[in-house]
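> Sequence isn't available, so here's the structure alone:
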Ligand SMILES: [Zn+2]
């Protein structure tokens, strides 16, 4: 009877190992009061510029911030970000097109997370691969720049569907590249009804206060409600 | 191509399951891919072969079922299949909906295991089948 195949019904997520680690990390971040923001976009969206400005403003406001930057080969982005004064680490993926939870965890070693309010994760620049990998973040941000055109959300509904917020970047160039704002908003809402959309320019500063406000509100919501429920129990 | 990472996770999961259940050879695995899961079917098939090399799941058939997107409309109180994943709204009343009930799957459904015949080394598949018949 040995050659009658045995069938194991498993119904398990293929990325179970990553998901479980990410869940543990998320609980730990919540316990320590860290808001973890995963930034996902195509290359050239201006993720690093936005992050640079964000770190700067948050530091000025007295928050402690840190960032880990996924990069295929170089450490240019990390070096640029470190100029803000925030602790920055680079995750070199050597060709791997996305970050996984264990890579992030490994690069947090030695940091006192309980002293950090915001941890930013700059994912590898692409709009497909990072979608399936939970990094333990509490906020996933999909970025698209006005220079990329209005159709990005329609081309990548899978990724936009996992976003908690969409940030349009480089709005200072909107006019020059004839960016159709209405159509972009329409497309975002078509693939992700109800998602908040923010419009920013890291260069001119337009929309940055709203973005910072959004982050602060998120931080407050996560950790104050957490503390409240901890007190109750 | 993150399908290679996905394939490695899949092979690891499958080989672990096999050894937990008495070992043997994995002859087939059934996988469900949601249309929104961001994993490309052909790429996964290709990468699976690479990732499974030298494991007990090396020659397994990878059977992939693609799962369409289904959304729930709170207005119609009903679940609908979405034909167009560029427009998340109710196909009946048009109300936008972000309530996705199916279509994000990236899961291993089942594994078919066959006990290894101790007397027979890895040969071509037909040979091993006839041999097994002789032995039974
Ligand atoms: Zn409806």
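The structure has been received and is ready for your questions. What you are looking at is a predicted structure, and each value in this text was computed from that prediction instead of being measured.
> C-alpha from now on. contacts and neighbour counts both.
Will do.
> And the strands in the chain, which stretches?
Just so you know, I chose chain A. A:6-13, A:35-40, A:65-71, A:88-92, A:118-122, A:139-145, A:165-169, A:197-199 (DSSP state E).
> Chain B was what I was after
Under DSSP E, chain B gives strands at B:25-34, B:61-67, B:70-73, B:78-81, B:100-102, B:106-114.
> Tabulate those strands (a markdown table), appending mean pLDDT and mean neighbour count.
A markdown table is the format used below for those (pLDDT from 0 to 100; neighbours: other C-alpha atoms under 10 Å in any protein chain shown):
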| stretch | mean pLDDT | mean neighbour count |
| --- | --- | --- |
| strand B:25-34 | 96 | 21 |
| strand B:61-67 | 97 | 16 |
| strand B:70-73 | 97 | 22 |
| strand B:78-81 | 97 | 16 |
| strand B:100-102 | 97 | 17 |
| strand B:106-114 | 95 | 22 |
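> still on that earlier bit, adding distance to the ion, mean pLDDT and mean neighbour count, write the strands of chain A out as a markdown table.
Shown next, in a markdown table, are those (distance: least, C-alpha to the ion, whole Å; pLDDT from 0 to 100; neighbours: other C-alpha atoms under 10 Å in any protein chain shown):
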| stretch | distance to the ion | mean pLDDT | mean neighbour count |
| --- | --- | --- | --- |
| strand A:6-13 | 30 | 93 | 15 |
| strand A:35-40 | 31 | 97 | 24 |
| strand A:65-71 | 41 | 94 | 24 |
| strand A:88-92 | 45 | 92 | 21 |
| strand A:118-122 | 37 | 97 | 24 |
| strand A:139-145 | 28 | 97 | 23 |
| strand A:165-169 | 25 | 98 | 23 |
| strand A:197-199 | 24 | 98 | 18 |
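> got those strands as JSON lines, with distance to residue A:179 columns?
Below are the strands of chain A laid out as JSON lines (distance: least, C-alpha to C-alpha, whole Å):
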{"stretch": "strand A:6-13", "distance to residue A:179": "40"}
{"stretch": "strand A:35-40", "distance to residue A:179": "21"}
{"stretch": "strand A:65-71", "distance to residue A:179": "29"}
{"stretch": "strand A:88-92", "distance to residue A:179": "33"}
{"stretch": "strand A:118-122", "distance to residue A:179": "25"}
{"stretch": "strand A:139-145", "distance to residue A:179": "10"}
{"stretch": "strand A:165-169", "distance to residue A:179": "11"}
{"stretch": "strand A:197-199", "distance to residue A:179": "12"}
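> Quick one: closest of the strands of chain B to chain A.
strand B:106-114 (4.1 Å; C-alpha to the nearest C-alpha).
> I'd like to know which elements the closest one is packed against.
Under the contact definition 3 or more C-alpha pairs under 8 Å, 6 or more residues apart in numbering or on different chains; DSSP states H and E, strand B:106-114 sits against strand A:6-13, helix B:3-20, strand B:25-34.
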